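Chemist: Any chance you could fold what I've pasted below:
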Amino acid sequence: MYPGTHAQHQPDKPALIMAATGQTITYADLERRSLRLANWLRAVGLQHGDTVALVSDNDPRIFDVYWAAQRCGLYLTSINYRLKGEELGYIIENSGAKAIFVGGAAAAQAQAWEALPGLVHRVAFDGGLPGYAALEEIIESASPLKPAREPRGGDMLYSSGTTGRPKGVRPPLPERDIADPGDAMVAMFGGSFGFSSETVYLSPAPLYHAAPLRTCASVQALGGTAVIMDKFEAEDALALIEKYRVTASQWVPTMFVRMLKLDPAVRARYDIGSMEVAIHAAAPCPPEVKRQMMDWWGPILHEYYASTEVNGITVIGPQDWLRKPGSVGRPILGTLRICDDGGAELPSGQDGLIYFERDVLPFQYHLDAEKTRSAQHPDHPTWTAVGDIGHVDADGFLYLTDRKSFMIISGGVNIYPQETENALTLHPAVSDVAVIGVPDEEMGEQVKAVIVTAPGYAAGPVLEAELIAFVKSQVASFKAPRSVDFVDALPRTPTGKMVKGELRARYWPKRA
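Modeler: Have a look, this model is predicted:
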């Protein structure tokens, strides 16, 4: 299913509502605009399997581009607009994008990409941007005729790796038309979580992330309504649940923490009785936080474990979680395999690398065959792993134990230490550096830099502030350390390899 199906039967129903302004896009609007934009993309020469890039803060026109790409067999690469110009430029160029759509705050950086040779077509959501065509003019002038066939496209989103450079996750394009069933995310939200045409879904997160983008699109595929916040604010979210009689929502644990910290009188002010399912993902949720949310909202919390690669998915409902606190559920996509470093399968209860077995290889890392091979099991090429460690119990429920690469998850956002370490290494005051995640009550983890200073530099608050500001000038601010510790030496092996597990253990309390 897709919006065109619902435009035929409920043309005036809201497909999405922008919470900050109340702007409403109906299914008829979304069908008309995405069809015309898809026709324009074909007319200017984009072919099946080509890529279009999208850089914008939350804006309803994101879904014009999303569905246009989906209905003419293109890959869509949605990029975090908060990245610096060089970081954005790398992803745009690496993706091979032939067209780019720019909106909102991203327009300020748009001129930085003019020199990219493969970027043939540039479109701005709002007119007046030099070198960019205006989206509205394109839509109004494009053909309104529906082609005989609309092959389904896909997304190619970027997931950072331990090398510090983002990697494009490129799944094979499905051999079906846009109106045909078969989408894994739609199946999960429609099946496991009960989404339907009656769903009113609250999305509090940035649409450049995989989960919010894919979930809002799944809601539209099923004929529901997505209410989209510009940014998350705890009390605003509760007010929107009441105002729109929201039935479903998706959160990261940090958002739960912030809502729980509201004054009880504020929490009691809003009627949230319409909520039927609240989903959380993206980061581990402390069991006590989840229990408090269930005490407040009732047993409606559902959790799934997946990745940008969508090589597998597990799901756990509230009743199963109460029996098995800490689990992320059993698989609904793929077969779980827990293996040791040599690839041998491990029995239940033993920690190992988490693989999902599929019939075919579910993705490749774009232009990186070596990284693709590293994600595959040494003996079973259709078993893939993204670096997480865990175990299954006797009933087949998965428990996450650790992240093999020590990726930091802060507020549901993945942060890879190597990028921050690379930036800090450039500063003359830094002799040696390690970046790790340390416990944070609200965000789950926060970024900390542990540094050995170079001769002639004095450790202390002044240098700490200077280093944090320096990192923010090099990479996106959310990747910068919140704090810096100065030490005499960092733990390394005789060959020079950082023993990050030893360093991390100094900051994390022992757990049962």
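Chemist: contacting residues around the top helix by length along the chain?
Modeler: The longest helix of the chain (DSSP state H) is helix 27-43. With contact meaning CB atoms under 8 Å, 6 or more residues apart in numbering, helix 27-43 is reached by 3-4, 6-7, 10-16, 52, 61, 63-69, 71-72, 74, 99, 135, 138-147, 150, 220, 223. For every residue, glycine as well, the C-beta is placed using N, CA and C.
Chemist: Let's see that with 7 Å instead.
Modeler: In this structure, residues lying in contact with helix 27-43 by CB atoms under 7 Å, 6 or more residues apart in numbering are 3-4, 6-7, 10-13, 15, 63-65, 67-68, 71-72, 74, 99, 138-139, 142-144, 146.
Chemist: Would you mind giving me the ChimeraX syntax to select the buried ones in those?
Modeler: To isolate the buried ones among those in ChimeraX, judged by 16 or more other CB atoms under 10 Å, type:
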select :3,4,6,7,13,15,63,64,65,67,68,71,72,74,99,138,139,142
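Chemist: Okay, and which of the contacts of helix 27-43 map to helices?
Modeler: Of the contacts of helix 27-43, the ones assigned to helices by DSSP H are P3, G4, H6, A7, F63, D64, V65, W67, A68, I138, I139.
Chemist: from those residues, which two are the most distant?
Modeler: Within these, H6 and I138 form the most distant pair, 23.8 Å apart (CB to CB).
Chemist: For G349, see how far away F397 is.
Modeler: Spatial separation of F397 from G349 under the definition CB to CB, to the nearest Å is 11 Å.
Chemist: again, but for G456
Modeler: 53 Å.
Chemist: Which one of the two is surrounded by more residues?
Modeler: In terms of neighbours (other CB atoms under 10 Å), G349 is the more surrounded of G456 and G349; the figures are 11 against 7.
Chemist: tell me the contacts of the more buried one?
Modeler: So G349 contacts H391, D393 (CB under 7 Å, 6+ apart).
Chemist: Help me confirm that it is found in a strand?
Modeler: No. Under the criterion used here (DSSP: H, G, I helix; E, B strand; the rest coil), G349 is coil, not part of a strand.
Chemist: for the record, mean pLDDT for the stretch of helix or strand Y304 belongs to?
Modeler: Secondary structure from DSSP states H and E places Y304 in strand 301-305. Per-residue pLDDT over strand 301-305 has a mean of 97.
Chemist: Likewise for stretch 59-73?
Modeler: Across stretch 59-73, pLDDT averages out at 98.
Chemist: contacts for it?
Modeler: Identification of contacts with stretch 59-73 by CB under 7 Å, 6+ apart yields 2-3, 16, 18, 23, 25, 30, 33-34, 37-38, 41-42, 48-49, 52, 54, 56, 76, 101, 103-104, 125, 135, 150-153, 173, 178, 207, 217, 220.
Chemist: Separate out the buried members of the residues you listed.
Modeler: 2-3, 16, 18, 25, 30, 33-34, 37-38, 41-42, 52, 54, 56, 76, 101, 103-104, 125, 135, 150-153, 173, 178, 207, 217, 220.
Chemist: Which ones among these map onto strands?
Modeler: With DSSP state E as the criterion, strands contain L16, M18, I25, V52, L54, L76, F101 from among the buried ones among the contacts of stretch 59-73.
Chemist: State the distance from the third one to R176.
Modeler: When you say that, I think you mean I25. Relative to R176, I25 is positioned 26 Å away (criterion: CB to CB).
Chemist: One more: the fourth one?
Modeler: From V52 over to R176 the distance is 20 Å, taken as CB to CB.
Chemist: Same question for the second one.
Modeler: Applying CB to CB, one obtains 31 Å for the distance of M18 from R176.
Chemist: where's G182, which helix or strand?
Modeler: Using DSSP H and E, G182 maps to neither a helix nor a strand.
Chemist: Torsion angles phi and psi at it?
Modeler: Per-residue torsions, G182: phi 130, psi 0 (degrees, to the nearest 10).
Chemist: tally of neighbours for T308?
Modeler: Neighbours of T308 under the rule other CB under 10 Å: 21.
Chemist: Offset the numbering so it begins at 18, please.
Modeler: Noted, 18 is the first residue going forward, which turns the last one into T325.
Chemist: Need the nearest residue in space to it, chain neighbours excluded.
Modeler: Spatial nearest neighbour of T325, excluding adjacent residues (CB to CB, 6 or more residues apart in numbering): S176 at 4.2 Å.
Chemist: Rounded mean pLDDT for stretch 443-455, please.
Modeler: What stretch 443-455 shows for mean pLDDT is 90.
Chemist: my bad, should have said stretch 354-366
Modeler: Mean predicted confidence for stretch 354-366 is 96.
Chemist: so N75 touches H226, yeah?
Modeler: No. Contact criterion CB atoms under 7 Å: N75 and H226 do not qualify, at 10.7 Å.
Chemist: how far away is L219 from T331?
Modeler: Using CB to CB, L219 is found at 23 Å from T331.
Chemist: I425 now?
Modeler: Going from I425 to T331 by CB to CB gives 22 Å.
Chemist: Give me the domain ranges for this structure.
Modeler: Here the domain assignment for the chain is 44-195, 198-332, 351-422, 427-522, based on automatic domain parsing.
Chemist: Any chance of CSV for those, columns distance to R340?
Modeler: Output for the domains of the chain, formatted as CSV (distance: least, CB to CB, whole Å):
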stretch, distance to R340
domain 44-195, 32
domain 198-332, 12
domain 351-422, 9
domain 427-522, 24
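Chemist: Burial check on P335, number of neighbours?
Modeler: Neighbours of P335 (other CB under 10 Å): 19.
Chemist: Skipping its backbone neighbours, what lies nearest it in space?
Modeler: Of all residues beyond its chain neighbours, the one nearest P335 is P316 (3.9 Å), with distances taken as CB to CB, 6+ apart.
Chemist: Off-centre distance for stretch 286-298?
Modeler: Here stretch 286-298 is found 22 Å from its chain centre; the criterion is CA atoms, centre = their mean, to the nearest Å.
Chemist: now stretch 208-222
Modeler: Here the centre of stretch 208-222 is set off from its chain's centre by 17 Å, with CA atoms, centre = their mean.
Chemist: What's the end-to-end length of that stretch?
Modeler: 23 Å (CA to CA, to the nearest Å).
Chemist: cool, stretch 465-478 as well?
Modeler: Using CA to CA, the two ends of stretch 465-478 sit 14 Å apart.
Chemist: what are the ranges of the strands in the stretch 168-317 of the chain?
Modeler: 171-172, 174-177, 183-187, 217-220, 242-245, 265-268, 294-297 (DSSP state E, counting those that start in this stretch).
Chemist: Out of those, flag the one nearest S391.
Modeler: Nearest to S391, of the strands of the stretch 168-317 of the chain and by CB to CB, is strand 183-187 at 10.7 Å.
Chemist: For that closest one, name the packing helices and strands.
Modeler: With contacts defined as 3 or more CB pairs under 7 Å, 6 or more residues apart in numbering; DSSP states H and E, strand 183-187 has these neighbours: helix 102-112, strand 174-177, strand 381-382.
Chemist: 6 Å instead, please
Modeler: Under the contact definition 3 or more CB pairs under 6 Å, 6 or more residues apart in numbering; DSSP states H and E, strand 183-187 sits against strand 174-177.
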